[in-house]
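> Based on what follows, work out the 3D shape:
(one chain, ligands or ions: 1)
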Amino acid sequence: MPKPLPGELTFAAPRGAKPPRHLADLTATERREVVAELGEKPFRADQLSRQYFSRLSAGPDEWTDIPAASRAKLAEGLLPELMTVVRNVSCDDDSTRKTLWKLFDGVLVESVLMRYPDRVTMCISSQAGCGMNCPFCATGQAGLTRNLSTAEIVEQIAAGMRSIKAGEFGADASGEAGAVRLSNVVFMGMGEPLANYKRVIAAIRRLTDPAPGGFGLSQRGITVSTVGLVPAINRLADEELSVRLAVSLHAPDDELRDTLVPVNTRWRVAEVLDAAWDYAERSGRRISIEYALIKDINDQAWRADLLGRLLKNHRAHVNLIPLNPTPGSKWTASRPEDEREFVRQLKLHGVPVTVRDTRGQEIDGACGQLAAAG
Ligand code: SAH
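Numbering: from 1, shown residues only. Here you go, the predicted structure:
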């Protein structure tokens with residue numbers, strides 16, 4: 001994968017061999033059709049779906065409700081192994097764990113599990129690499145390798161849930177291993193989710209459809225983060241989901257945003273925010289505005305003031321992210337006093353703001369650090 005030139009954008013992912021078909025790629029109806037093609041009774045599709053989505057079964061040996069003779073055929077036809085763990089790395093007292101996955105074609109992606117006192121959040125990848133080329137993001141610097149299939153997206157979460165269930169990811173407050181639940185999913189790993197639109201939407205359906213169609217997670221616990229692909233934001237609004245939309249703004253003015261988020265040369269700050277307000281209106285959810293604070297680049301008080309003016313009286317919340325270091329980047333996080341002033345300026349406009357923790361930083365697992373180097 002050649003390194004992209006500064007500002008170069010890649011929307012269409014290179015085509016290659018397709019990942020094997022998997023249960024999680026299919027709707028409930030399609031699953032029944034495939035099961036019938038395999039020569040099995042259609043209701044086996046629901047049994048299989050329950051095993052995968054509800055019981056988080058690890059394999060055919062556990063499918064005691066399915067005749068032994070059918071298990072291998074169903075497993076082969078609908079539950080091929082999509083990815084294997086290359087390695088897990090943990091930090092923050094084992095409450096953050098990054099997994100490096102190898103896909104069927106040797107491509108590498110990463111996901112991150114984060115345990116909080118009241119919830120577990122998983123940060124997942126939607127593409128291998130990314131075509132949006134933001135200069136401060138390690139994934140963007142590597143270019144786009146390919147889109148992930150729906151099932152490759154879903155399987156990251158299934159694997160996270162299985163791992164939690166097996167007690168590998170800590171106990172809950174009562175001390176019971178495996179009792180914590182994965183409730184939040186953020187599309188903030190590798191890739192631009194709205195550039196892999198159809199598969200990401202299908203994955204959201206699998207995550208949120210009730211059993212046996214999917215995991216039955218709440219749509220409200222899911223966040224889709226985007227650089228600001230306006231037509232895709234509008235399309236997302238048409239889906240009538242109540243997932244949260246996060247917009248990676250990083251600058252309130254087009255001049256600076258053109259360099260920090262190159263897709264801004266296609267859709268300007270005002271257009272992106274208009275699409276976001278429309279999404280907020282239709283979904284009933286507040287927009288998360290993501291803003292990585294970069295020392296002496298985008299952290300001036302006047303930019304905070306301008307940002308405050310753009311956002312005030314809208315349904316928005318600002319998430320300030322202290323810049324995480326990435327290889328080869330000359331940029332660093334803002335000084336604490338500049339960060340404080342930035343927050344103060346936003347508050348003067350009545351705009352809600354939080355500073356995101358730097359979870360995962362020491363294992364290169366924090367925002368913008370996922371590069372999936374073997
Ligand atoms: N492509 C999507 C999804 C990635 S989300 C998007 O850009 O929104 C990852 C978030 O981390 C984005 O807001 C991204 O801009 C931010 N980010 C990237 N590199 C970062 C870095 N080095 N430090 C802090 N945040 C970073």
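> use CA for all of it now, contacts and neighbours both
Will do.
> Would you map the helices across the stretch 51-200 of the chain?
68-78, 138-142, 150-165, 197-208 (DSSP state H, counting those that start in this stretch).
> got the contact list for the longest one?
Here helix 150-165 makes contact (Cα atoms under 8 Å, 6 or more residues apart in numbering) with 22-25, 53, 56-58, 82-83, 111, 113, 122, 124-126, 169-170, 177-182, 199-200, 202-203, 206-207.
> Out of the helices of the stretch 51-200 of the chain, the one nearest P327 is which?
With distances scored as Cα to Cα, the stretch of the helices of the stretch 51-200 of the chain nearest to P327 is helix 138-142 (7.1 Å).
> helices and strands around that closest one, which ones?
strand 127-129 (3 or more Cα pairs under 8 Å, 6 or more residues apart in numbering; DSSP states H and E).
> what's the model's confidence in the strand it packs on, averaged?
For strand 127-129, the mean pLDDT works out to 96.
> quick one: low-confidence ranges for this protein?
Across the chain, the ranges flagged by pLDDT under 70 are 1-2, 171-179, 374.
> That one: strands as residue ranges?
83-91, 96-103, 108-115, 120-123, 127-129, 144-147, 182-187, 222-226, 244-248, 287-293, 316-322, 353-355 (DSSP state E).
> Just give me how far the longest one sits from the chain centre.
Right, the one you point to is strand 83-91. Distance of strand 83-91 from the chain centroid (Cα atoms, centre = their mean, to the nearest Å) equals 17 Å.
> Please list the residues of the protein that sit near the ligand.
Taking Cα under 6 Å from any ligand atom as the criterion, the neighbours of the ligand within the chain are 136-137, 188-189, 191-192, 225-227, 247-248, 290, 292, 321-326, 367-369.
> redo that, cut-off 5 Å
When proximity is defined as Cα under 5 Å from any ligand atom, the chain approaches the ligand at C137, M188, E192, S225, T226, V227, S248, A292, L323, N324, C367, G368.
> ok, and the most crowded of those?
Among the residues of the chain next to the ligand, the one with the most neighbours (other Cα atoms under 10 Å) is E192, at 29 neighbours.
> Is it correct that that one is in contact with Q127?
Yes. The pair E192 and Q127 qualifies as a contact (Cα atoms under 8 Å) at a distance of 6.9 Å.
> related to what we said a few turns ago, for the strands of the chain, give me TSV that also has distance to D65.
Compiled in TSV, these are given as follows (distance: least, Cα to Cα, whole Å):
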stretch	distance to D65
strand 83-91	26
strand 96-103	30
strand 108-115	31
strand 120-123	31
strand 127-129	35
strand 144-147	35
strand 182-187	26
strand 222-226	32
strand 244-248	38
strand 287-293	44
strand 316-322	47
strand 353-355	48
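> looking at those strands, which is buried most?
Sort the strands of the chain by mean neighbour count, taking mean count of other Cα atoms under 10 Å, and strand 127-129 sits at the top with a mean of 28.
> Sheet-wise, list the partners of that strand with their directions.
Paired strands of strand 127-129, with direction, are strand 144-147 (antiparallel) (DSSP bridges).
> Need the CA coordinates for the partner strand. PDB is fine.
Coordinates of each C-alpha in strand 144-147 appear next as PDB, following Å, rounded to 0.1, in the frame of the first residue of the first chain:
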ATOM      1  CA  LEU A 144      -7.000   2.300   2.500                       C
ATOM      2  CA  THR A 145      -6.500  -1.500   2.100                       C
ATOM      3  CA  ARG A 146     -10.100  -2.600   1.900                       C
ATOM      4  CA  ASN A 147     -13.600  -2.500   3.200                       C
END
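> Distance from that strand to the middle of the chain?
Strand 144-147 has its C-alpha centroid displaced from the chain centroid by 15 Å (Cα atoms, centre = their mean).
> just stretch 275-283 next, same as before
For stretch 275-283, the separation from the chain centroid amounts to 20 Å (computed by Cα atoms, centre = their mean).
> Give me the buried positions along that stretch.
Residues A275, A276, W277, Y279, A280, S283 are the ones in stretch 275-283 that count as buried (16 or more other Cα atoms under 10 Å).
> Quick check: of these, which lies closest to R220?
Ranking the buried residues of stretch 275-283 by separation from R220, with Cα to Cα as the measure, puts S283 on top at 10.0 Å.
> can you pull the contacts of the closest one?
A237, E240, L241, S242, V243.
> Look up phi and psi at whichever residue of the stretch 251-374 of the chain sits closest to the ligand.
Scanning the stretch 251-374 of the chain for proximity to the ligand using Cα to the nearest ligand atom identifies G368 as nearest, at 3.0 Å. Note on G368: backbone dihedrals following degrees, to the nearest 10 are phi 80, psi 0.
> In space, not sequence, find me the middle residue of this structure.
Closest residue to the average C-alpha location of the chain: F187 at 1.4 Å, with Cα atoms, centre = their mean.
> pretty sure that one contacts T121?
No. Using Cα under 8 Å, F187 is not in contact with T121; the gap is 10.7 Å.
> quick one on the thing from earlier: are any of the contacts of helix 150-165 buried, and if so which?
Judged by neighbour count, with buriedness set by 16+ other Cα under 10 Å, the buried members of the contacts of helix 150-165 are 22-25, 53, 56-57, 82-83, 111, 113, 122, 124-126, 169-170, 177-182, 199-200, 202-203, 206-207.
> count of neighbours near G221?
16.
> Just list whatever residues bridge to the closest residue in space to it that isn't next to it in sequence.
Counting by Cα to Cα, 6 or more residues apart in numbering, N184 is the residue found nearest to G221 once chain neighbours are left out, at 4.5 Å. Taking DSSP bridges, one obtains T121 as the residues bridged to N184.
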